[in-house]
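# model the following, please.
(one chain, ligands or ions: 2)
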Amino acid sequence: MPVNDKSSQYKRILLKLSGEALMGEQNFGIDPAVLNRMALEIGQLVGIGVQVGLVIGGGNLFRGAALSQAGLDRVTGDHMGMLATVMNGLAMRDALERANIRTRVMSAIPMSGVVEHYDRRTAIRYLTSGDVVIFSAGTGNPFFTTDSAACLRGIEVDCDVVIKATKVDGVYDKDPVKYADAVKYDQLSYDSALEQKLEVMDLTAICLVRDHDMPVRVFDMNKPGALLNLVVGGDEGTLIDRG
Ligand SMILES: Nc1ncnc2c1ncn2[C@@H]1O[C@H](COP(=O)(O)OP(=O)(O)OP(=O)(O)O)[C@@H](O)[C@H]1O
Ligand SMILES: O=c1ccn([C@@H]2O[C@H](COP(=O)(O)O)[C@@H](O)[C@H]2O)c(=O)[nH]1
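Ligands and ions are numbered 1, 2, ... in the order given. Coordinates of the predicted model:
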């Protein structure tokens, strides 16, 4: 039941949180302050009746590609990366439940006794009843990323939009962290994102959303209130769609 006068333009969203952004000012791990702030922002969405699916990255703990550069087998590294997303999911569930938001963690990799195994119909039932559902362990397969997992789950459970919360305030013509003269897009088509190989989201994920016509919005998760603002129709970040 909505608790204030704002209404969402979306009934169900898939929110992808960057794992790296969970570190806050640290070099590794999870900053509880970031977790609590995100929990409050997600709570505001639940409060206006939005159904929220969450995918959290693992870049604050492990990434398969980086581990393999350090000499580890790539598939083992990817498994470690996926397990990292389960740890982030557990931490986020804890923060959400402390804020009185009912939350389920599902894992693409069976992990009996720790989290539920992902099942699409069960996930939709939870979402419909207002529970936040955290989809962890990515796609369950190596050589993918949590961007792809977010787009996959968003399409599978019938979300209206995939919202990528990241450290930059949208998609630029080149990486804004590296290039001060980068120019931001308000809107961009799937095809231009693919042609320009813009690295804000991996290309496998963009192909998937293009093929299923799923809009994606990229916004700055460090800007307080931006998430609620974009869900109620405010102009935040960059919209990637068919144009
Ligand atoms: N064209 C671009 N526009 C915007 N950001 C870009 C672009 N190219 C590269 N980036 C970089 O992509 C980063 C966004 O990716 P981010 O680290 O949030 O996602 P991720 O790697 O999917 O998440 P995780 O930390 O969970 O692995 C930004 O910090 C930015 O520096
Ligand atoms: O489907 C997936 C999703 C992720 N991985 C591995 O996990 C890490 C962390 O995810 P990020 O998206 O980079 O935050 C990723 O680097 C992969 O190593 C995976 O194998 N399959």
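# what parts of the chain come near ligand 2?
Proximity of the chain to ligand 2, by CB under 6 Å from any ligand atom, involves residues 19, 57-59, 63-65, 77-78, 81-82, 84-85, 138-139, 141-142, 144-149. Quick note: C-beta positions are derived from backbone N, CA and C, even for glycine.
# stretch 227-243 vs ligand 1: in contact?
No - no part of stretch 227-243 sits near ligand 1 under the criterion CB under 6 Å from any ligand atom; the closest distance found is 8.1 Å.
# ok, stretch 193-206 next?
Yes - in terms of CB under 6 Å from any ligand atom, part of stretch 193-206 sits within range of ligand 1, namely 198-200.
# going through those, which ones are buried?
198, 200 (16 or more other CB atoms under 10 Å).
# let's have the residues of stretch 193-206 next to ligand 1 in a markdown table, adding secondary structure and pLDDT.
Output for those, formatted as a markdown table (DSSP: H, G, I helix; E, B strand; the rest coil; pLDDT from 0 to 100):
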| residue | secondary structure | pLDDT |
| --- | --- | --- |
| Leu198 | coil | 94 |
| Glu199 | coil | 89 |
| Val200 | coil | 86 |
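# what's the closest of the residues of stretch 193-206 next to ligand 1 to Ala70?
Glu199 (21.5 Å; CB to CB).
# quick check: the closest one touching Pro176?
No - between Glu199 and Pro176 there is no contact under CB atoms under 8 Å: 11.1 Å.
# who are the packing partners of the longest helix along the chain?
Longest among the helix segments of the chain by residue count, using DSSP state H, is helix 74-98. The contact analysis (3 or more CB pairs under 8 Å, 6 or more residues apart in numbering; DSSP states H and E) places helix 74-98 against helix 32-47, strand 51-56, helix 64-69, strand 103-107, strand 132-136.
# try 10 Å
Helix 74-98 sits against helix 32-47, strand 51-56, helix 64-69, strand 103-107, strand 132-136, helix 146-156, with contacts defined as 3 or more CB pairs under 10 Å, 6 or more residues apart in numbering; DSSP states H and E.
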